[in-house]
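In: Sharing a model prediction with you, sequence too.
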Amino acid sequence: MLLLVNTTPTLASSTGIVVNGRTLVTEIPPRIEKGRAMVPLRAAAEALAADVYYDPDTRAVAVTKNTTRVTLTIDSTWAKIGELTTTLDVPPRIEAGRTLVPLRFLGESLGINVAWDPTARTAYLSETLLHLPGWTKPLTTAPPTLYLEGKRIDVKLHQPVCEYVEADTRIDFELRGLKNITAAVIVVEKGGERSDQPFTAAGGVCRGQLWLPFGPGEYKITVCSPPQETNLQGWAGFRARNTGSGDVRYLAPIDWIDWDRVEILNLADKLARDYPMDTLTVIHDWVAQNINYDVVMSRSANIPQRRASEVLHSRTGVCEHYSRLLAALCRANGIPARIVSGYMRREGDSWPTKPNHAWNELLIDNRWVTVDVTLDAGYIEGSRFVKSLSRSYLDPNPSVFAATHRKQ
């Protein structure tokens, strides 16, 4: 569950490009298409001291840096790196007289490091790791801490390389030695605040990028085994000083809300409308109509953790799964979203003694809009779920909502 705090996040107003640590001003900002960041080719290439040539007859674009030559064709998924032919997920295209190309393909083809910051909507191109999100500066020579369980299974934290590092909002990590283990959870803590960030492992290796979502300050990070019921067993740990100024807890792809997955980005793009409230309404209706409530799971003693992308794939879940998917689709559209855990009752009944429900709050036009998409999806009849779309719990009257819902 997300810990609720009285913090209002700010949303980046525009996209941008940072090349070797310097912000690049372009007439056309980066775009996201099918989960891929598209950037203006000429501006990015010239900032990297690469040459660009465009043939209007063949609509081919050639980019040369040092001895590497990359050739692309407008509206074609075919491309060449030297003499090697490859395919692109998204083809280059022309917009407002500027050629947009896939960021990662361009950078990796030219031997440049690339990154995309989804919360700031910023693309990064850098000839060193220094200027990329996730880069860490060592603050001590002491190695990361390995817990007893970690020693027993002989894991080793390769990144970060020391026990205390400095970073800006994100940290690259790599853990090795996870035999027969396919997942890990990284617990990120700052004061009394906590974020659980799940990752997959393959071939004994778990790597990725974790977020320091609670703004600047000191963090404790623990790499843990996958949850057994509600328990997490620590393997390795380190500390971090976050120099980033932004609080991104309601925008970042954390706490099982993995909106940076391609399938969620694609759906979010299809559901986007011109105004945030209209976007929320379309997302609410889609989730309510396409996700089936799992009655058997709801009556289980232990509800399994599921990423938003897993809920989208399975099309089933309970209230917290509905809430995660709705939050993911909203965050992917730049709408700050949080999950509220608490108590739900029928009007007139006694309040439950334990939390039994989850719903959402979305920041739109400087106010938090309440949504309970689970109740708007339908109702339980005996042992089966009956779909019945409603908008009764989409921005409901606060006093009416308070009669049946109470925050934890």
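Out: Looks like it came in fine.
In: Point me to the residue sitting closest to the centre of the protein.
Out: With distances taken as Cα atoms, centre = their mean, Pro253 lies nearest the centre of the chain, 2.3 Å away.
In: Pretty sure it sits against Ala327.
Out: No. In this structure Pro253 lies outside contact range of Ala327 using Cβ atoms under 8 Å: 10.2 Å. To be clear about C-beta, it is placed using only N, CA and C from the backbone, and glycine gets the same treatment.
In: okay, and the common contacts of those two?
Out: Trp259 (Cβ atoms under 8 Å, 6 or more residues apart in numbering).
In: burial count for the residue lying closest to Thr145 once chain neighbours are set aside?
Out: In this structure, Thr145 finds its nearest non-sequential neighbour in Gly237, 4.6 Å apart by Cβ to Cβ, 6 or more residues apart in numbering. Counted with other Cβ atoms under 10 Å, the neighbours of Gly237 add up to 19.
In: Bridged to Gly237, which residues?
Out: Thr145, Thr222 (DSSP bridges).
In: got it, and Thr316?
Out: Asn292.
In: Tell me who's in contact with Thr85.
Out: 78-79.
In: and it, what helix or strand is that in?
Out: Using DSSP states H and E, the element containing Thr85 is strand 84-87.
In: Convert the C-alpha atoms of that strand to CSV, please.
Out: C-alpha atoms of strand 84-87 as CSV (Å, rounded to 0.1, in the frame of the first residue of the first chain):
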residue,chain,number,x,y,z
LEU,A,84,24.1,-4.4,-40.8
THR,A,85,20.4,-4.2,-41.4
THR,A,86,18.0,-4.1,-38.5
THR,A,87,14.3,-3.1,-37.7
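In: In the sheet, which strands lie alongside the helix or strand just after that strand, parallel or antiparallel?
Out: Using DSSP H and E, the helix or strand that follows strand 84-87 towards the C-terminus is strand 93-95. Applying DSSP bridges, strand 93-95 is found paired with strand 98-102 (antiparallel).
In: Measure how far the next helix-or-strand element following the strand it pairs with is from the centre of its chain, please.
Out: Going down the chain from strand 98-102, the next helix or strand is helix 103-109, by DSSP H and E. Relative to its parent chain, helix 103-109 has a centroid offset of 21 Å by Cα atoms, centre = their mean, to the nearest Å.
In: quick one on the thing from earlier: what sits against the residue nearest to the centre of the chain?
Out: With Cβ under 8 Å, 6+ apart, Pro253 has these contacts: 118, 211, 259-261, 328, 331.
In: Looking at these, which are in strands?
Out: Here DSSP state E is the test, and the contacts of Pro253 give Trp211 as lying in strands.
In: Buried ones only from the contacts of Pro253, please, as a ChimeraX command.
Out: Here is the ChimeraX command that selects the buried residues among the contacts of Pro253 (16 or more other Cβ atoms under 10 Å):
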select :118,211,259,260,261,328,331
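In: between the contacts of Pro253, which is closest to Glu381?
Out: Within the contacts of Pro253, proximity to Glu381 (Cβ to Cβ) peaks at Ala328, which comes in at 28.8 Å.
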